[in-house]
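Q: sequence first, then the predicted structure, then my questions.
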Amino acid sequence: MALGKIFEPISIGGARLANRIVRAAHGTGMASPHITDLFIEYHRARAAAGCALSIIEASRVHPSTALDFQLYGDQLVPGYQRLMAAIRPYDMRVFQQLWHGGNTYFALDGSPPWTVSDVPGPLGIVGRTMGNAELKELVNAFASSAALAEEGGLDGVEVHGAHGYLIHQFISPFYNTRDDEYGGPLENRARFLLEVLRAIRERVGPSFAVGVRLGASRSSGVTESMLKRVIQMVEGEQLIDYVNVTLGDYFRQDEIVGGMHNPAGYQLHSSADVASVSTVPRLLTGRFRTLEEAEQIIKDGQADVVSMVRAMIADPDLIRKTREGRVEEVRPCIACNQGCIGGLLRSGKVGCAVNATVGRDIEQSDREIELVAFPRRVVVVGGGPAGLEAARITALRGHHVTLFEALPHLGGTVTLARRAPALHTLGDITHWLEQEVFRHGVDVRLSTYVDAADIRAECPHEVIIATGSIPRADGVQVPFPGERPEGIDLPHVLTTHDLFSNVDLEGVSTAVVVDMVGHYEALAAIEFLMTRRIKVTFVNYMHNMVRPHIRSTWRDDPAVERFYRKGEIEFLPQHRLVEVRPGIAVVQPTEADASHRRCIGADRVVLITQNKPLDGLYYELRDELPVHLVGDANSPRDVQFAITEGYLAGRRIRGDKPVSAQFQTAPIGR
């Protein structure tokens, strides 16, 4: 597709945008409690590549609400000034999102938050209903925060009125049960938003942009028709310069940031409808990954500017590469949410499953890589995500790299996982990595199993072992490592490797999935079976279906929703497998004795336990030469760890000094 609209400039209030690509507000964990150098570099990198506007993460406007990774108060101004000094050379505009959580979170000091009513919030918090004095104080707090943003040199602000936060709660007929001038009909429920916007307009200059973020949600009763009327109200008083329309709330967080099961533009059925009445520029989002996708919705008249947050987390240079005709070099976002959203839980700051430099923006970036002065010969063993990334970054630095893969194709276990329903985009990153290793001249040898002697024959200066892991299939269950289930060697007991390798499921009507890991792997196995009309019983030892960092990716609830649409499923939390018999699995609650055992019909038993690392080559070679152990061969985890460790291994290989004489005449390869 020829790109035209996406590169046209547009003005939002007094802010002129060089193109139509925007990054909507998103938590980073890099600015708690103040703007940091890492936060500045994170945004500067996206500015340098051509992003026209960034709306930086929500700033709480008042201590009656709190969230750990938020910005706050007059400490912002010096940080704003440092941020803008770094951003200005690149012509990216910056807005600040202004936020109050209402009944979503406690106050900054742990006390009940200020809320529209005493209706419990999505996390069960009952807040303190505000009177007129508190309402006026909050209105002034929004206006004061906007004034601070202007003082700090920013170009505008956005009032967050969506996702179930305070202003959204005022608009909601379910949360807003007030009987005063702020409750009842929609005109009253929108009053607080109007007062906030009026107060901001009075405090900032005429060229300072002001916008609002709105979004429908089923659980709060905020409909598209309501929001159309709200937009007409605020535009009728000329209070906003743009509208940002989104979808969802905390009851369905997957609607806010859709996972890989969502198509591009998945919010448009709602957001484009709401935005259709607007006369000011319309900002829409919805898992757009390419400029072509963004171009299309602008051409279709659904939006004027498009948000591409995760796409530019995965590849900050997306715009520059596309404009230069290097679309194939754009690192794809796979919409797994593990690094960006899940990273806030895992490490306290945003990361990326496919881009190991995110969160390390100051000290490590592909853009900062320079060729080494003295290239080494490097052997990489294993062509999964870890090995591919290790080979890519090592070759990018100018080393001579040979990659051995025992299978006839690259990709490792991702080639199996992508066969599961809703996981197909996993293959996008290994496809990209494969292209990149060939582009950078890596000598790739497929269908080549190597042992320690083969590696020695290559005369490498350093070796990276990325041989992955295999299912244990020994029945070790986390809460009872000394008790192995009987019958696990029966032929109808499978691993997920077996399952996704097109194992015969003809005539299978029942299956038991036993999970001791808590990753998405079990949900993928369940859905794979259920698409074949197989009744599934899901057994795991935890309270929930998955571990917390996977829940934070917001992909488990949509999966369960699909399960109930597809067939019959039973969930047995806090259970373990005791025995397998032909056609039967015997399970028992983890906290009960044998009298509570239960027999379940099971034509197939899928056993998911922690894998066994294939690390033998590392231990054979580590006393002879520098060897790096990465990915699942180091410890079985997930694709984010694999890619990160592959990247770091490639960066550690030095090339600042000449190689020893014994290697200078040795052949590169065979």
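A: Sure thing, it's come through.

Q: longest helix of the chain?
A: Longest helix in the chain by number of residues, with DSSP state H as the criterion: helix 132-151.

Q: tilt between the next helix or strand after it and helix 132-151?
A: Where DSSP states H and E defines the elements, the next helix or strand beyond helix 132-151 is strand 156-160. Per axes from the mean of the first three to the mean of the last three Cα atoms, to 10 degrees, the angle that strand 156-160 makes with helix 132-151 is 150 degrees.

Q: partners of strand 156-160, with directions?
A: Strand 156-160 has the following sheet partners, assigned by DSSP bridges: strand 93-99 (parallel), strand 209-216 (parallel).

Q: ok so residue 319 is a helix residue?
A: Yes. Assessed by DSSP: H, G, I helix; E, B strand; the rest coil, residue 319 belongs to a helix.

Q: which ones are touching it?
A: 19, 21, 49-51, 291, 312 (Cβ atoms under 8 Å, 6 or more residues apart in numbering). Backbone N, C-alpha and C define where each C-beta goes, glycine included.

Q: and the least confident of those residues?
A: Lowest pLDDT within those is found at residue 49 (92).

Q: and it, how many neighbours?
A: 21 (other Cβ atoms under 10 Å).

Q: go on, residue 134?
A: Counted with other Cβ under 10 Å, residue 134 comes out at 15.

Q: repeat that for the one 10 residues further on.
A: Burial of residue 144 is recorded as 18 neighbouring residues (other Cβ under 10 Å).

Q: one more: the one 3 residues further on?
A: Applying other Cβ under 10 Å, we find 18 other residues in the vicinity of residue 147.

Q: can you tell me how far it is from residue 382?
A: As defined by Cβ to Cβ, to the nearest Å, residue 147 lies at a distance of 56 Å from residue 382.

Q: likewise for residue 422?
A: 26 Å.

Q: who's more crowded, those two?
A: Comparing residue 422 with residue 382 by neighbour count (other Cβ under 10 Å), the higher total belongs to residue 382, at 31 against 19.

Q: hmm, residue 465 and the more buried one touching each other?
A: Yes. Residue 382 lies in contact with residue 465 (Cβ atoms under 8 Å); the separation is 7.0 Å.

Q: what touches both of these two?
A: residue 633.

Q: dump the residue contacts of the closest residue in space to residue 234 that isn't next to it in sequence.
A: Using Cβ to Cβ, 6 or more residues apart in numbering and skipping residues adjacent in sequence, the residue nearest residue 234 is residue 240, 5.2 Å away. Remark: with contacts taken as Cβ under 8 Å, 6+ apart, residue 240 is in contact with 197, 210-212, 234, 280.

Q: mind listing what's buried along stretch 447-464?
A: 448, 450, 455-456, 458-464 (16 or more other Cβ atoms under 10 Å).

Q: tell me the bridge partners for residue 95.
A: residue 55, residue 156.

Q: please apply the same query to the one 4 residues further on.
A: Under DSSP bridges, the beta-bridge partners of residue 99 are residue 60.

Q: assess the claim that it and residue 60 are in contact.
A: Yes. At 5.8 Å, residue 99 counts as touching residue 60 under the criterion of Cβ under 8 Å.

Q: more crowded one of the two?
A: residue 99 (28 against 22).

Q: where's the more buried one relative to residue 251, distance?
A: Relative to residue 251, and taking Cβ to Cβ, residue 99 is found at 19 Å.

Q: and what of residue 225?
A: Following Cβ to Cβ, the distance that separates residue 225 from residue 251 is 20 Å.

Q: quick one: low-confidence parts of this structure?
A: 1, 67-74, 362-366, 660-670 (pLDDT under 70).

Q: show me it divided up by domain.
A: Using automatic domain parsing, the domain ranges for the chain come out as 5-332, 371-470+613-657, 493-610.

Q: need these in a markdown table (columns: distance to residue 483).
A: What follows is those, written out as a markdown table (distance: least, Cβ to Cβ, whole Å):
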| stretch | distance to residue 483 |
| --- | --- |
| domain 5-332 | 36 |
| domain 371-470+613-657 | 22 |
| domain 493-610 | 8 |
